[in-house]
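J.: Any chance you can model this:
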Amino acid sequence: MTDFPIDPATARPVKYWHKLDGDRIQCDLCPRFCKLHDGQRGLCFVRGRVGDTMVLTTYGRSSGFCVDPIEKKPLNHFLPGTPVFSFGTAGCNLACKFCQNWDISKSREIDTLADQAAPETIAAAAKKYGCRSVAYTYNDPVIFHEYAIDVAQACRELDIKSVAVTAGYVCPEPRAEFYQYMDAANVDLKAFTEQFYHKLTGGHLQDVLDTLVYIKHETDVWLEVTTLVIPGENDSDAELTALSEWVMENLGPDVPLHFSAFHPDYKMLDIPATPTATLSRARQIALQAGLHYVYTGNVHDKAGGSTWCHRCGEVLIGRDWYVLSDWNLTAEGQCKNCGTACAGVFERQPGHWGARRQPVRLADFSVA
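T.: Next comes the predicted model:
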């Protein structure tokens, strides 16, 4: 917890908290359950206490906006080739020592929130830039729960989908509300041991597993999973096998699993980058466990980045980095060679956004 001052004029009252005996209140949004005195912020930094209520300090304030390829989230089976309007805020409810967006997620400088936008403005901007979806990313949307839901509702009015890029560290009640408004999610399954979660993230594994099972079996949200493979920490054959078998048994063979490469960052600068061979090994372990769609990420690996028919072995969607090079799906999302369905959310034709990254400033943008 921190006593960094909260400006009541810019704070938005929120729910998911309760008063404790004594003079503290408890935040019930995530399993961290921060217990706060007046004026304190939780570990996430953006939710805090003012008087006798909890507030969100970043409603309507973002660390930036950008149009990205949907594959960058990464989502390989959700509207392939289309642009996604990406934004985040500041702060995070985990304390990952390997955070690769630490300048945003760990920011304690309000000036990092460089742009402001009402939910309706974000939806209108996404429409203007031809985006089929909006991604809540860069930091975890769990902590800007109310803002994300309001943006998602505004997007639905314009037939724009919502994508959560999240670590899945959230309590059951807010989780259920949040995923009513999401259309797709990529959840970081950071490792498959409680020791890793405790030592390197400050969180707990089981809460994330519960979120994954909930999304898959209790919602209609399209789900993909990502594991950042860190040398010496979560890259053993035993752990990769256990993780892959858990996904197979609890989520099923059609949930795509991404293994992405670590690069030295934040508080783990002494760990080397993940070799491509390690990711390829992880992919083979997961395929052998029975998963149909397994990918490598953050490296140039066309085979590991492409989608293959699990029945006949033909390439369904070829990818070279974020550029689609092949499209062998029928209008119904089936393999053109053998007719086997490919799991996912597809349109009749793929998008053609490619690898472009287009930063956007909303300061002068207004809803027509």
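
J.: Now do the buried residues in stretch 205-216.
T.: By neighbour count on 16 or more other Cβ atoms under 10 Å, the buried set for stretch 205-216 is 205, 207-212, 214-216. Every C-beta, even on glycine, is put in place using the N, C-alpha and C of the backbone.

J.: Who are the packing partners of whichever helix or strand residue 173 is part of?
T.: Residue 173 is part of helix 172-179 when elements are defined by DSSP states H and E. When contacts are defined as 3 or more Cβ pairs under 8 Å, 6 or more residues apart in numbering; DSSP states H and E, helix 172-179 packs onto helix 145-157, helix 205-218.

J.: and of those helices, who's closest to residue 183?
T.: helix 145-157 (8.4 Å; Cβ to Cβ).

J.: mind listing what the helix or strand following the closest one pairs with, with the direction of each?
T.: Next along the chain after helix 145-157, taking DSSP H and E as the criterion, comes strand 161-166. Each strand paired with strand 161-166, and its direction, by DSSP bridges: strand 133-136 (parallel), strand 184-188 (parallel).

J.: Just the C-alphas of strand 161-166, formatted as PDB.
T.: C-alpha atoms of strand 161-166 as PDB (Å, rounded to 0.1, in the frame of the first residue of the first chain):
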ATOM      1  CA  LYS A 161     -15.700  -6.100 -30.100                       C
ATOM      2  CA  SER A 162     -13.800  -5.900 -26.800                       C
ATOM      3  CA  VAL A 163     -10.600  -7.800 -26.100                       C
ATOM      4  CA  ALA A 164      -9.100  -8.200 -22.600                       C
ATOM      5  CA  VAL A 165      -5.400  -8.800 -22.300                       C
ATOM      6  CA  THR A 166      -5.000  -9.800 -18.700                       C
END
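
J.: and it with helix 172-179, angle?
T.: Per axes from the mean of the first three to the mean of the last three Cα atoms, to 10 degrees, the angle that strand 161-166 makes with helix 172-179 is 140 degrees.

J.: Identify each buried residue in strand 161-166, please.
T.: 161-166.

J.: Closest to residue 260 out of those residues?
T.: Out of these, the member with the shortest distance to residue 260 (by Cβ to Cβ) is residue 165, at 12.4 Å.

J.: what sits against the closest one?
T.: By Cβ atoms under 8 Å, 6 or more residues apart in numbering, residue 165 lies in contact with 73, 135-138, 140-141, 185-186.

J.: Can you tell me which of the residues you listed comes closest to residue 327?
T.: residue 73 (19.4 Å).

J.: so which of the helices and strands packed on helix 172-179 comes closest to residue 98?
T.: For residue 98, the closest of the helices and strands packed on helix 172-179 is helix 205-218, at 15.7 Å, according to Cβ to Cβ.

J.: From the contact counts, what lies against the closest one?
T.: helix 172-179, strand 184-188, helix 194-196, strand 222-229, helix 237-250.

J.: What's the local residue count around the closest residue to residue 242 other than its chain neighbours?
T.: Closest residue to residue 242 apart from its sequence neighbours, by Cβ to Cβ, 6 or more residues apart in numbering: residue 192 at 5.2 Å. By the criterion of other Cβ atoms under 10 Å, residue 192 has 23 neighbours.

J.: returning to what we had before: can the buried residues of stretch 205-216 go into JSON lines with extra columns for pLDDT?
T.: What follows is the buried residues of stretch 205-216, written out as JSON lines (pLDDT from 0 to 100):
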{"residue": "205", "pLDDT": "98"}
{"residue": "207", "pLDDT": "98"}
{"residue": "208", "pLDDT": "98"}
{"residue": "209", "pLDDT": "98"}
{"residue": "210", "pLDDT": "98"}
{"residue": "211", "pLDDT": "98"}
{"residue": "212", "pLDDT": "98"}
{"residue": "214", "pLDDT": "98"}
{"residue": "215", "pLDDT": "98"}
{"residue": "216", "pLDDT": "98"}
